[in-house]
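Novice: Dropping the sequence and predicted coords here.
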Amino acid sequence: MRFKKKSEEDLFISVTPLVDIVLVCLIFFMITYHFDIVSGARIDLPKVVNKNLEEDADKVTLIISKSAEIFIGGKKYDQKTLENELKNLVKGKGYLRVILQADKDVAHGKVVEIMDIAKGAGISSIIIAAKWKSDVLQ
């Protein structure tokens, strides 16, 4: 009886599927990456323990940097032009809430001045932003 001899084939691992998977993962992580700084002004928010989960579509973020510069949507404003910009936003949306992100080192008086300008422009409510402190002291 004659047995057929198996021919030895060169064994190799195809890397094409591996490269495809790595590229898909890379694209996925690039798309889902979250950017923290949107406004262009770097601020350090004060920390709080309780978190407010209310969501609303008619919100505008107003940022006061450490050097007391005022930003809305990445554009810098002074106190005189801030009121006009807020009035225009209120006219366009009707009901508007402002999220006030002030650096923790900004003087309290400056924050109150900006809040007063916003109220004078017709802002219905002002939300003061803070960084949520996840490690609660026990």
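Specialist: Done, it's in.
Novice: from here on, contacts and neighbour counts on C-alpha atoms
Specialist: Noted.
Novice: For I127, grab phi and psi.
Specialist: Note on I127: its backbone torsions stand at phi -110, psi 120 [degrees, to the nearest 10].
Novice: Which strand residues bridge it?
Specialist: With DSSP bridges as the criterion, I127 is bridged to I99.
Novice: these two touch, right, it and L100?
Specialist: Yes. Assessed by C-alpha atoms under 8 Å, I127 is found in contact with L100 at 5.9 Å.
Novice: Among these two, which residue is more densely surrounded?
Specialist: Just comparing I127 and L100: by other C-alpha atoms under 10 Å the higher neighbour count belongs to L100, 20 against 15.
Novice: Okay, that one and G109: tell me how far apart.
Specialist: 14 Å (C-alpha to C-alpha, to the nearest Å).
Novice: And for K80?
Specialist: As judged by C-alpha to C-alpha, K80 and G109 stand 17 Å apart.
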